[in-house]
Structures are given as C-alpha cells and as structure tokens.
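In: Structural data only, the sequence is not supplied:
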C-alpha cells in the first residue's frame, strides 16, 4: 500500500512502498453498481488543480511542497498564481469545460478566503466553469472559522476535504499535527451549519503509537460523524521525512506491516457496513459522493495544475512546475512559464498508465475496451502477466473485466511494477 493525499497528482507516488502481507479472508463481491456509478460520473471535462503550499507547522511525515505561513508571502503567491493562469491562457488554447477545481496543499484553509475567491474568479474568467462544477478545498480542523466557511460557500466551494488523520491525541502529537481530535467534530459541525454537505475526512493507517483498539476507535468515530466521503491512507515513511529518523532512533514506534494490513482489511468490512462503497484503493463514499476530481487522475483525464510543484496532464504529456518558491515567483512575475519539465508519453507508457491507474478503481478495467483502444497485440503481453497474477490471487477476472483482489490492493505496488 502507499500513502497518498487525496488530491495527489504526482504519479510517482503510486509506486512507493508496499505491504508484503499474504492474506486470504476479506472477500469483496463484484458489484456492477460500482462500475455503473463510475460510468455516471465519467465526464469529458478537464480538471484544474491549484496548490496552496502554506502550513502553520509541517507534519513530521510530510515530504510535499510546503512553506511556512507568512501573510506577505501568501499575498504575493496568490497574485503570482493568478498571473500564471493568465499566462497559461495566453499561450494555450483549452477547449471543453472545467468541471472540477481542487485547492490542495499545504493548508488552503489557512489563507484568507478572499485569496480563494480571487483564484476562483480568475478560473471562471478563463475557463468554461459549469454551474455543477465540483470545487474542492482541503482544510485542517481548527483553521475553518464560521466566517471562512460562509465565504467559501459564497464564492462557490462545493466540497471540503478535512485532514483529521486520527482521533487519538497521542498520535496527533507524535506526527506534529496542530489540531486536537475534538476539533474534527467541531469543524465538521460548523461546515454543515454553513450548508456544506459534500465533506471528506482523511484518516491515516500506521501512525506512531497506533494499535488495533485505537484504529477501531477511529473507524467507529468517523462513521458516527457520517461524512459522505472517507479516505483511508497508509503511512509511508520516507527517508526525507523527520518521522523516518525518529522511528529509526526509537523515539516513536509504528505498528508492523502485518497489523496494518489486517486493519486495512478490517476497514474494507467496516465502512461498507455503514453504507460507504469502496470505489478506489483508499477511498470510500456514500452513493453520489465520489470525488470527481480525483477520478480524473485515475481515468487519465486532463488536469491542469497551477502553483509551485504542481503536476499537469494535458491528455498526451505530463509536466510539472518548479517546486522552489523563489524560482517560481521570479519566473511568473517576469511573464515566463514556471514549467520545469515536460514529457510526451509514448503509446506503451500510455497503456502502462491506463493499467495501473485503472486498477486502482474497484470498477477495474474492461479488457475488451482496452484491446480496442490500444490494439490486441499491445495488450497481449500484459494479459499474460495478469493471468499469472490471477493465479496468485492478486487480481480477479469477471467476463471481460479485471480488478484487484483485497490481497492485490495490499500488494498493489508489486502489481503496478509490471506496467512501468
């Protein structure tokens, strides 16, 4: 398994880490309604991602592009992202509708709401943004005030992703979060009071000091709060993170992989029992509340990213912005594109991406459609590999469709390595 934030647009993250655990137990029945749900929201529009990098404190497991909060820098940065949007549209022709917009971070809820409103206004000025556009904003508990929530509703935000991570105070302190467990419920209630219905709550498995009882308590608490969307991510300890070294020195203890595997599989039973359908490896939703923006990444739909370190996909090429704040600001303010690199994918790479991103979804892949799109000869090599994986219990075939098994989800990185 791998640790990904909900909006994550960097494909390299899906290849990091793996839980090497053989488990035969949890059985998820093939549900045609899952595929029907995916088809119903498989829209032809493109997405817009805007990175807000500021945080009050940096969590010790984090390796993302984050900057300490500074009011003056945040104001300059917001102006620069608007300039980047203007520059992008002066150099590129974009057709179709922007039917999802996502503010990720960092902590977007930390910046003044008028910054978000100005960025959204710029998006509406440049793109065809329909009335039913899904507009998401990531928020940390404790950073959302009644005034901000009202302002978000007023400028058009339709969905909030709340980074709870855990309801255990010891684990929150161990990872350096600056909110309390109680603030999660308070923030959720405040958002609902201001009219937000579409809310996600993030949880992380494998945190320091976490045990079976605590994890069961997390699942119980989140289902009691009844957000329509829940994300369950695995903690991935990376050498660049402070937590990696704290664990290596014995300052903190993390649960072993076998335990984390069992708890994840327990979530696959618990959450559907409360009405949440798993539609992707790490994501669960009540009917109609699947995250349309994240589906674009897994379905390889175009998403244009803006801000430092953001990644984009235009349908043929992937490219990324500079990750350094000074370099980004210098380029944009001089009227120069902040894109650092761009790569046009060849047909084999496109097929590989289609396979490992599509297999993240519980609806899986339709092999006949894949053969028609890429050619039978191209997919034949992978079919042989996947048939072998089926014998190993990693994937399951049903007629012309294929998807990961519960064991395959735990060992997904081993499966995906076959496609890159």
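Out: Looks like it arrived, so ask away. None of these values were measured; they are calculated from a predicted model. Residues are numbered from 1 along each chain as shown.

In: what's the longest helix in the protein?
Out: In the chain, taking DSSP state H as the definition, the longest helix is helix 71-91.

In: for that helix, which positions count as buried?
Out: By neighbour count with 16 or more other C-beta atoms under 10 Å, helix 71-91 contains the buried residues 74, 77-78, 80-85, 87-88. Any C-beta I mention is one placed from the backbone N, CA and C, and that applies to glycine too.

In: Please enumerate the helices of the stretch 51-200 of the chain.
Out: Listed in chain order, the helices of the stretch 51-200 of the chain (DSSP state H, counting those that start in this stretch) span 71-91, 113-126, 146-155, 169-174, 181-193.

In: Quick one, which of those helices gets closest to residue 61.
Out: helix 169-174 (9.6 Å; C-beta to C-beta).

In: can you tell me which of the helices of the stretch 51-200 of the chain the model trusts least?
Out: Mean pLDDT per stretch puts helix 169-174 lowest among the helices of the stretch 51-200 of the chain, at a mean of 90.

In: gap between the residue of the chain most remote from its centre and residue 349?
Out: The centre of the chain is farthest from one residue, residue 377, which by C-alpha atoms, centre = their mean lies 33.0 Å away. Separation of residue 377 from residue 349 (C-beta to C-beta, to the nearest Å): 17 Å.

In: And residue 150, by the same measure?
Out: 45 Å.

In: cool, residue 82 as well?
Out: Going from residue 82 to residue 349 by C-beta to C-beta gives 33 Å.

In: Assign residue 208 to helix, strand or coil.
Out: Counting by DSSP: H, G, I helix; E, B strand; the rest coil, the backbone at residue 208 sits in coil.

In: burial of residue 252, as a residue count?
Out: Using other C-beta atoms under 10 Å, residue 252 has 17 other residues around it.

In: doesn't residue 62 make contact with residue 241?
Out: Yes - using C-beta atoms under 8 Å, residue 241 is in contact with residue 62, at 6.6 Å.

In: Find residues that contact each of these two.
Out: When C-beta atoms under 8 Å, 6 or more residues apart in numbering defines a contact, no residue borders residue 241 and residue 62 alike.

In: Quick check: chain neighbours aside, which residue is closest to residue 309?
Out: The shortest distance from residue 309 to any residue other than its chain neighbours is 3.4 Å, reached at residue 65 (C-beta to C-beta, 6 or more residues apart in numbering).

In: out of the helices of the stretch 51-200 of the chain, which comes closest to residue 267?
Out: The nearest among the helices of the stretch 51-200 of the chain, by C-beta to C-beta, is helix 169-174 at 16.3 Å.

In: Tell me who's in contact with residue 347.
Out: Applying C-beta under 8 Å, 6+ apart to residue 347 gives the contacts 374, 378.

In: run the last query once more with 7 Å
Out: Listed by C-beta atoms under 7 Å, 6 or more residues apart in numbering, the contact set of residue 347 reads residue 374.

In: For residue 384, see how far away it is.
Out: 19 Å.

In: And the furthest pair within the buried residues of helix 71-91?
Out: Farthest pair in the buried residues of helix 71-91, by C-beta to C-beta: 74 and 88, 21.0 Å.

In: Residue 45 contacts residue 99, correct?
Out: Yes - in this structure, residue 45 is within contact of residue 99 by C-beta atoms under 7 Å, at 3.4 Å.

In: and these two? which has more neighbours close in?
Out: Between residue 45 and residue 99, counted using other C-beta under 10 Å, residue 99 has the larger neighbour count: 24 against 20.
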